[in-house]
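S.K.: sequence first, predicted coordinates after that:
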Amino acid sequence: MQARRILGAIGAVALVAVVLVVVRVWTLQPVAPVGDVAASAHPLPGSDDQSLLDRVGVQAQDLGPGELARLLDQGDQLSEPTLDLCSLSFASEKRRQARRQVAVSDSSGDAVFSTEAVLYQDQAGAAEAMAEARGAASRCPPGLVAGPTPTDPQLRWRVRGDTDLGGGRPAGLDRLGLTVQASEAGSPAESEVLVFLRRGRLLLGLYFVQAAGPQAQIDGASTIASTVRTFEDRVEAVPAADLG
């Protein structure tokens, strides 16, 4: 009996030691959210926000024949929402610092693609926006919902978060693909694909008007997956000091 008590005591001490080691490791080496960068003591001046956002978004030189890129009306204003799915409220909207949305139209004048680049006040704000976008599918009401203003039609929304973007996500980026349908009562629904990329306090939305079929020619890319790769490279190329 005495030997068993001694062995039991040794086992208990060993277990405590293991717990202490685990706690110490997690204390010294916290796991950062995907997409975080090293904090910078010299954040990007506010006057340079639009310049950075312009560099990561779609530009005129990216386009194929007949395509045209233009800054949307109020596309550089925070009065317009970034997350506007299912008429839900998103707390991260109040944490935005700057935004820039540029739309691409084809030779017929129809919108085919858009990028929305957003800087948040800090990395936590951008991470919150990604989390809210991920949760939209489960929060979306099942029936018709009113729009943000009395003149907007009621829409039936469907949001799926299982969009296949092909290939692996770069290690330093958080990435989310959503397939979204919105339709008025009695009207057929059309699917769009929304892709969000997050690095530091930068969020870049890529909005594909058609979920299937030919896509806009963006910097030589003609599929959703290849276009996403193009913009992932741009987001990765932004100096970490501007995103901390």
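M.R.: Nice, I can see it.

S.K.: separation between the spatially most central residue of the chain and residue 228?
M.R.: Residue closest to the average C-alpha location in the chain (C-alpha atoms, centre = their mean): residue 196, at 2.7 Å. With the distance defined as C-beta to C-beta, to the nearest Å, residue 196 ends up 10 Å from residue 228. Every residue, glycine included, has its C-beta placed from N, CA and C.

S.K.: also residue 133?
M.R.: Applying C-beta to C-beta to residue 133 and residue 228 gives a distance of 15 Å.

S.K.: what does residue 97 give?
M.R.: Counting by C-beta to C-beta - residue 97 and residue 228 are separated by 24 Å.

S.K.: comparing those two, which residue is more hemmed in?
M.R.: Legend: neighbour count by other C-beta atoms under 10 Å for residue 97 and residue 228, higher for residue 228 (23 against 16).

S.K.: so which elements touch the helix or strand encompassing the more buried one?
M.R.: Assessed by DSSP states H and E, residue 228 sits inside helix 224-237. If you count contacts as 3 or more C-beta pairs under 8 Å, 6 or more residues apart in numbering; DSSP states H and E, helix 224-237 packs onto helix 49-56, strand 190-199, strand 202-208.

S.K.: and for the helix or strand hosting residue 135, what's in contact with it?
M.R.: Using DSSP H and E, residue 135 falls within helix 123-139. Under the contact criterion C-beta atoms under 8 Å, 6 or more residues apart in numbering, helix 123-139 has outside partners 33, 35-37, 39, 82-83, 85-86, 88, 90-92, 95-96, 118, 120, 159-161, 174, 176, 178, 194, 196, 198, 200-203, 243-244.

S.K.: which stretches in this structure count as strands?
M.R.: 68-71, 96-105, 111-120, 144-145, 155-160, 174-183, 190-199, 202-208 (DSSP state E).

S.K.: that older thread, would you mind checking the contacts of helix 123-139 for buried ones?
M.R.: 35-37, 82-83, 85-86, 88, 90, 92, 95-96, 118, 120, 159, 174, 176, 178, 194, 196, 198, 200-203, 243-244 (16 or more other C-beta atoms under 10 Å).
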